[in-house]
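J.: quick one, fold the following:
(chains A and B)
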There are 2 protein chains.
Amino acid sequence: MISKPSMTSSSLSPPEKSTFKRQVFHGTFIHCKTLTELEILHDTYVFVDEYGVIVKILSGDGVGAGGPKDLREHVGELGWDTDVDGEGGAFEYVGSSKDEHGKHGEERFFFPGFIDTHIHAPQFPNSGLFGSSTLLNWLNTYTFPLEASLSALPKAHAIYSRVIQRTLSHGTTTAAYYATIHVESTNLLADLCLQKGQRALVGRCCMDSDSGANPDYYRDDDSAQSLERTKKCISHCENIDPDRKLITPILTPRFAPSCTPQLMSSLGEIAVQKDLPIQTHISENRSEIEWVKELFSDCDSYTHVYDKYSCLTPKTILAHAVHIGEDEAALIKERGSGIAHCPVSNSALTSGMARVRWMIDRGLNVGLGTDVSGGFSASVLAAAREASCVSRCVASGIGGSENTNGKERDTLSVPEVLYLATRGGAKVVGMQDKIGGFEVGKVWDAQLIGLGKPLMHLNGEGEWEGQEESHEGEVSQTGPVDIFGWENWDEKVAKWVFNGDDRNTMKVWVNGRLVHQRRN
Amino acid sequence: MISKPSMTSSSLSPPEKSTFKRQVFHGTFIHCKTLTELEILHDTYVFVDEYGVIVKILSGDGVGAGGPKDLREHVGELGWDTDVDGEGGAFEYVGSSKDEHGKHGEERFFFPGFIDTHIHAPQFPNSGLFGSSTLLNWLNTYTFPLEASLSALPKAHAIYSRVIQRTLSHGTTTAAYYATIHVESTNLLADLCLQKGQRALVGRCCMDSDSGANPDYYRDDDSAQSLERTKKCISHCENIDPDRKLITPILTPRFAPSCTPQLMSSLGEIAVQKDLPIQTHISENRSEIEWVKELFSDCDSYTHVYDKYSCLTPKTILAHAVHIGEDEAALIKERGSGIAHCPVSNSALTSGMARVRWMIDRGLNVGLGTDVSGGFSASVLAAAREASCVSRCVASGIGGSENTNGKERDTLSVPEVLYLATRGGAKVVGMQDKIGGFEVGKVWDAQLIGLGKPLMHLNGEGEWEGQEESHEGEVSQTGPVDIFGWENWDEKVAKWVFNGDDRNTMKVWVNGRLVHQRRN
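T.: You can find the predicted model right below:
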């Protein structure tokens, strides 16, 4: 971790721009060009200014064979000093490979940072703990007691520090966080995100209903109190990061059964007044849906509840949407709200299998959420992997569909799950102009992925053989991906998606700042 | 890795028993008592003799508080020398924790080694590569070309070395391997398993049919050639490990469409004559099932094909069985054959979701298989995790069942998926008397699991707070599991199952021999 080990939390300010150097990144860059297509750019230079913004991209032929010499010319055209990487250098050069052009160098590439569109920071210690529970009993058994305990700031500090470090180490550069109902610890979460350099939407959980959804020991007394507390959190975020460079407050009505109509309507008003995003849950589990139908019997559907109370905006993140119907999809599309698809959580809590292809076909914006700790993994890469697996379960049906071929297009490809994890998520959090891909004008929110050295090579007779025997013993020291040497880049990316983990995430930047680096 | 880096392969012999010390293992031991119940034994001693066999287990009260002194008495009762861990010591003491009784020591426990009941060693380099293919086109696009190329021994050597190292590093102490059709490289796989110390069933793929299932460039010419080649592989295994201490040859008719009736019948005869196990695939994918129906129109079902041609024995491993019907389950039960459940593969190849609870209810023996590379992960722990997730998808149905509650028992618990990974698998490979749990008379096939140090502690005021700040920076250096300090042992095990990986597998033993050790 790069961040300073200070315990002070509320007096932190973001690093001044002057502490950042201009940077030139060089190597292989991969991002999603479209939903279905990866763009893989080799020998490419990306120029990032002192504000963390990409100002120039030069790919392949544009650079010429000269390398450093030509690089200086390009840097000069930007009006930058051309002293590359010198002690008092005007910019820093970051190559994607240690052994430049080395025959057996490690396979590395830059990839956009991941966007986690749905994660409950205080639930992180419960990752992996859910037994055989489903949503409503899971909340009461596992979730509310833990969340309530984060009123204690030392506990909140340790847990929030860890979840930020963990998610950064998994390449999550932007996270839409639910905190707890507590003002101070919610503000602490915002402070820690700013300190550690993670882009975050931070929301105090609003839950004022006496419907039975909220336990007596953990709820807002009424809508007035809930709003007052929420405004304190908004003010804090405005105070520590007035331009929302990293931290954006987000209005967080927990889910319909937790909230009174008055509360939801008021939050909807604030969203318009202050141009703020909203996040909530929708249609996760059948019992929950039945309950919402009872509680809001005047509404046609779960989606219509949020629409009636002004919570369905172009900046609303709806988590799950496992069971929404055609009319609901149409309404969500009309309002321009986004979906946080949380496949690990949906599997773990026996919620069901969301039909992502069906959503995409209806024009909905879809991103990925880890939904810690309904989801047991804080890794968006793991969510992408599970999104792929679940889409195949949807396609095959229980015991397999009679006509699998006809449903093959339900399956999500590697480029598609990576799109959900980056550009899709960027749309869902309302930052598609800023993050999600490598383009001039976007910020440098990125990760450097390393896949290790190839295990084999072609010998003089054109036959594949293992590297010198000493490599054999290194399985403990290498990451989880095995590159044999003959894979093309699409295959390397697929191996990363299906076998990779945080060991492959070598470095992570947000807004141009290096916020995580593996030590091995 | 502990193994010697020798390239010679066919002249290897297993280490003599005299190279092994007697060993006493001490600490926390966890294994599956029943399908639904973990047994968690603290402060327990397990005594392993020079043959790798557990000869005594002392738990809790049986040992007394004296520790080493009492230990010597117990060792004396076994007739062992009592010189604990001395230079010329008669036995070695292996504690599960570095900091014995240390307040902030790492959480560690011994667990039985995993049993992978279905894995294709030559396909390992294709892990993660399957695109949107399903079984039959996947075989032709990805699988057969790679398998065919393993006729080259240097390539086979590098790939087989890696898959054995990888699976050992994931805690797989026993694997049922498919090799290729090639005699020499299949024998090399057996040699390497013996050298590296992994318990293995090694099968040459038999595929002699001209049904169209086998490509011209990669098949046996006819049943006579297939049998001749197979016998050479059996002889080789008998030669290098006559008592089947580690290596058991296994008859491997690839799957019904690949094999002529003559071949299957002959393999069934050999199985009886030589008391050998059989492995094959069954009912993985709807198109495959339809094809089998066409090819063997005289048989009532896929299962009846294998039964008709004598391949359904108490030592038969049937991989997948995603779509088998009631009559097939009844026949499999009657014959006593086992099922290799391969959830990662079934999801990846859009094969369907096997109903494991349904199988268990019908009395079938079920174990877990990684099915590399239909499955993208070589980790049985990952297969256990996915078995849990898929069982929940089965329970919820697509978009969720109308009556989730009624299906809740379809979901597999943490103890259940660990049972499948150990005792279940032991039954499926016909070694339930030898491996799968910690009992006197079983061999010491085990792994030492480490979950790292707790992140928090109770301070003087009885409140939870983080460890000294320096711990914060270590996320890169720690494993994937976060223990906060308040978890009970069932919760620690759940965290391991859902977030653990090979970083948590500190040491692995087979037959008492240390065969893998993490270096960090």
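
J.: and A:A384, that one's in a strand?
T.: No: going by DSSP: H, G, I helix; E, B strand; the rest coil, the assignment for A:A384 is helix, not a strand.

J.: could you say which helix or strand holds the residue lying closest to A:A426 once chain neighbours are set aside?
T.: Sequence neighbours aside, A:G436 is the residue nearest to A:A426 in space, at 3.2 Å (criterion: CB to CB, 6 or more residues apart in numbering or on different chains). All C-beta atoms are positioned from the backbone trio N, CA, C, and that covers glycine. Assigned by DSSP states H and E, A:G436 belongs to no helix or strand.

J.: what about stretch A:324-344, how long is it end to end?
T.: Taking CA to CA, to the nearest Å, stretch A:324-344 runs 18 Å from one end to the other.

J.: of all the residues in the stretch 151-300 of chain A, which one is nearest chain B?
T.: Of all residues in the stretch 151-300 of chain A, A:A158 sits closest to chain B, at 3.1 Å by CB to the nearest CB.

J.: residues contacting that residue?
T.: By CB atoms under 8 Å, 6 or more residues apart in numbering or on different chains, the contact list for A:A158 reads B:L455, B:M456, B:W464, B:E465, B:G466.

J.: any idea how far A:T313 is from the last one?
T.: The reference is to B:G466. Distance of B:G466 to A:T313, computed by CB to CB, to the nearest Å: 37 Å.

J.: same question for A:D208.
T.: Per CB to CB, A:D208 is found 20 Å from A:T313.

J.: same question, A:I332
T.: According to CB to CB, A:I332 and A:T313 sit 11 Å apart.

J.: higher neighbour count, those two?
T.: A:I332 (26 against 20; other CB atoms under 10 Å in any protein chain shown).

J.: show the subsequent helix or strand relative to the strand or helix carrying the more buried one.
T.: Using DSSP H and E, the element containing A:I332 is helix A:326-335. Toward the C-terminus, helix A:326-335 is succeeded by strand A:338-341 as the next helix or strand (DSSP H and E).

J.: residues touching the residue lying farthest from the centre of chain A, list them.
T.: The outermost residue of chain A relative to its centre, with distances by CA atoms, centre = their mean, is A:E461 at 46.5 Å. Shown in contact with A:E461 (CB under 8 Å, 6+ apart): no residues.

J.: what's the distance between it and B:G363?
T.: For A:E461, the distance to B:G363 equals 55 Å [CB to CB].

J.: mind checking pLDDT for the residue farthest from the centre of chain A?
T.: On pLDDT, A:E461 comes in at 91.

J.: again with the one 5 residues further on
T.: A:G466 is assigned a pLDDT of 91 by the prediction.

J.: the closest residue to it other than its chain neighbours: what secondary structure?
T.: The shortest distance from A:G466 to any non-neighbouring residue, by CB to CB, 6+ apart, is to B:A158 (3.2 Å). Following three-state DSSP, B:A158 is assigned to helix.

J.: do A:D43 as well
T.: State at A:D43, reduced to three classes by three-state DSSP: strand.

J.: pull the number of nearby residues for A:Y93.
T.: Neighbour count of A:Y93, defined by other CB under 10 Å: 15.

J.: measure it to A:D307 for me?
T.: Taking CB to CB, one finds A:Y93 at 51 Å from A:D307.

J.: interface residues of the stretch 201-350 of chain A facing chain B?
T.: Contact residues (CB under 8 Å from any CB of the partner chain) of the stretch 201-350 of chain A with chain B: A:N285, A:R286, A:S287, A:V322, A:H323, A:V344, A:N346, A:S347, A:A348, A:L349, A:T350.

J.: residue contacts, the first one?
T.: Read it as A:N285. A:N285 sits next to A:T134, A:L135, A:L136, A:V322, A:H323, A:L349, A:S351, A:G352, B:G400, B:T404 when contact means CB under 8 Å, 6+ apart.

J.: looking at those, which is nearest B:I449?
T.: B:I449 has its nearest neighbour among those in A:L349, at 25.7 Å by CB to CB.

J.: show me the contacts for the closest one.
T.: Neighbour list for A:L349: A:F130, A:S133, A:T134, A:L135, A:W138, A:E284, A:N285, A:G374, B:R392 [criterion: CB under 8 Å, 6+ apart].

J.: which of those has the most neighbours?
T.: A:G374 (32 neighbours).

J.: name the nearest residue to it, sequence neighbours excluded.
T.: Spatially, and ignoring its direct neighbours in sequence, A:G374 is nearest to A:S345 (3.6 Å; CB to CB, 6+ apart).

J.: related to what we said a few turns ago, tabulate the contacts of A:N285 (a markdown table), appending secondary structure.
T.: A markdown table is the format used below for the contacts of A:N285 (three-state DSSP):
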| residue | secondary structure |
| --- | --- |
| A:T134 | coil |
| A:L135 | helix |
| A:L136 | helix |
| A:V322 | coil |
| A:H323 | coil |
| A:L349 | coil |
| A:S351 | coil |
| A:G352 | coil |
| B:G400 | coil |
| B:T404 | coil |
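
J.: looking at the residues you listed, which one is closest to B:T28?
T.: A:L349 (29.5 Å).
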